[in-house]
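1. Okay, here's the prediction I keep looking at, along with the sequence it came from:
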Amino acid sequence: MRATQKDVARAAGVSQATVSMVLSGGAPAIPAETWERITKAARELGYVPNRAAQALRTNRTMTIACIVPDITNPFYPALIRGIQSVTDAISYDVVSVNTDGSPERERHFLDWFRQGRVDGVIGVFFTLRAKDFKPLVDAGMPVVRVESSKKRGGDIAIDDIYVDSRAAACKVTKYLIGRGHQRIAMVAGRGGPQGVRIEGYREALAEAGIEPHVVVDEEFSEVGGTRAAQTILAGGYRPTAIFAANDLMAIGVMQALRERGIEIPREVAVVGFDDISAARLVTPPLTTVAQFQDRMGARAAEILLARLKGNSPSFGTTEEMPFSLIERGST
């Protein structure tokens with residue numbers, strides 16, 4: 001027979017109301033010893049919450065959605081893990097969906113979630129604007145966007161966290177210039193953060209009086225990076241450094257250089273962006289920009305849960321997150 005909260009209460013020697021508060025994550029004032037006794041009893045009895053009944057009682061699904069453009073990019077699982085590090089502590093589940101950066105898929109999932117399937121949405125959106133989230137916000141569903149530049153929802157109570165990608169790209173480019181590079185190419189994929197990262201690259205070059213050389217591929221991927229690097233090399237422009245708009249593209253660039261017999265970094269230095277785990281594993285290890293995506297995910301979850309609890313202002317908020325240039329062997 002399935003264990004109930006009443007069974008857990010009896011085993012822990014507390015009231016059923018106390019069990020309910022602890023297992024729903026909404027009992028910060030309850031002593032730690034009591035909390036541990038209840039959760040231990042729940043584990044031993046094999047108690048599993050009846051989410052359907054809980055949703056009817058609380059008008060909450062206890063589920064948060066995370067929308068990402070490419071679940072195969074290692075940046076996003078780390079972001080999701082950061083979200084879960086916060087939601088797990090209060091018994092919230094996270095469901096993740098992949099959009100491929102498609103406007104149709106981004107809108108589809110917003111419509112799907114608006115049907116009451118989740119309590120809130122955290123997402124990286126390549127195409128949607130603030131007005132597209134108004135139906136969700138009007139329905140009482142909080143939205144936190146993870147952005148590559150500072151944005152505001154205006155009158156719409158959307159919360160944003162962002163890393164200043166333009167400033168980070170500018171810093172990377174100045175770093176390369178400081179190392180003596182005068183022919184610095186950049187490769188990027190279409191959509192998403194590529195625009196602001198290219199702006200930062202161009203800004204640094206303009207200050208130094210250096211001409212930019214940008215190749216944009218259709219994909220923010222290893223394949224896209226390889227194609228973009230091949231385009232640069234086939235066109236007669238010979239850079240001494242290539243800055244890729246993300247680490248996957250940088251790894252693709254490195255592959256294209258190796259195929260040409262070009263040594264990294266002696267002949268061409270390579271820099272990426274994101275600091276995915278593979279950046280430390282490639283040969284030579286990749287110089288890149290760390291965005292601390294696990295911290296971004298955790299902070300996004302904290303902001304969303306605060307809004308669910310009614311502890312947020314009526315207007316949207318914007319919070320900047322840190323970045324750091326990580327110097328490794330590819331430069």
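-> Okay, I see it.
2. which ones are touching Gly101?
-> Pro69, Asp70, Phe126, Thr127, Gly191, Gly192 (CB atoms under 8 Å, 6 or more residues apart in numbering). Heads up, the C-betas are built off the backbone N, CA and C, glycines and all.
3. The same query, at a cut-off of 6 Å, please.
-> If you count contacts by CB atoms under 6 Å, 6 or more residues apart in numbering, Gly101 has them with Pro69, Phe126, Gly191.
4. Let's see if you can find the most crowded of the residues you listed.
-> Ranked by the number of neighbours (other CB atoms under 10 Å), these place Pro69 first, at 22 neighbours.
5. and the gap between Gly195 and Leu325?
-> Distance of Gly195 to Leu325, computed by CB to CB, to the nearest Å: 21 Å.
6. where does the protein have low pLDDT?
-> Counting by pLDDT under 70, the ranges of the chain that qualify are 1, 24-28, 49-59, 153.
7. let's go with 50 and repeat that
-> For the chain, the stretches with pLDDT under 50 are 56.
8. Which secondary structure state is assigned to the residue positioned nearest the centre of it?
-> The structure's the chain has its C-alpha centroid closest to Leu79; by CA atoms, centre = their mean the separation is 4.3 Å. Following DSSP: H, G, I helix; E, B strand; the rest coil, Leu79 is assigned to helix.
9. Strands along this structure, start to end?
-> Taking DSSP state E to define them, one finds strands in the chain at 63-68, 93-98, 120-123, 143-147, 159-163, 184-189, 213-217, 241-244, 269-271, 288-290, 318-321, 324-326.
10. Turn the ones you listed into TSV, columns for distance to Trp112 and mean neighbour count.
-> As requested, these are exported to TSV (distance: least, CB to CB, whole Å; neighbours: other CB atoms under 10 Å):
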stretch	distance to Trp112	mean neighbour count
strand 63-68	9	23
strand 93-98	8	16
strand 120-123	10	26
strand 143-147	14	25
strand 159-163	21	22
strand 184-189	26	26
strand 213-217	30	18
strand 241-244	34	30
strand 269-271	38	27
strand 288-290	33	23
strand 318-321	27	15
strand 324-326	36	15
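11. Quote the end-to-end distance of stretch 70-77.
-> 10 Å (CA to CA, to the nearest Å).
12. Then stretch 179-196?
-> With CA to CA as the measure, stretch 179-196 spans 23 Å from end to end.
13. now it: how far from the chain's centre is it?
-> 20 Å (CA atoms, centre = their mean, to the nearest Å).
14. Identify the residues contacting it?
-> Against stretch 179-196 from outside (CB under 6 Å, 6+ apart): 101, 126, 148-149, 165-166, 176, 198, 201, 210, 213-220, 224-225, 228, 232, 239-245, 249.
15. Buried by neighbour count: which residues of stretch 4-21 qualify?
-> By neighbour count with 16 or more other CB atoms under 10 Å, stretch 4-21 contains the buried residues Gln5, Asp7, Val8, Ala9, Ala11, Ala12, Val14, Thr18, Val19, Ser20, Met21.
16. Hmm, the fourth one is touching Val19, no?
-> Yes. The pair Ala9 and Val19 passes the contact test of CB atoms under 6 Å, sitting 4.6 Å apart.
17. Can you list the buried residues in stretch 36-43?
-> The neighbour-count check on stretch 36-43 (16+ other CB under 10 Å) flags Arg37, Ile38, Thr39, Ala41, Ala42 as buried.
18. Great, nothing more from me.
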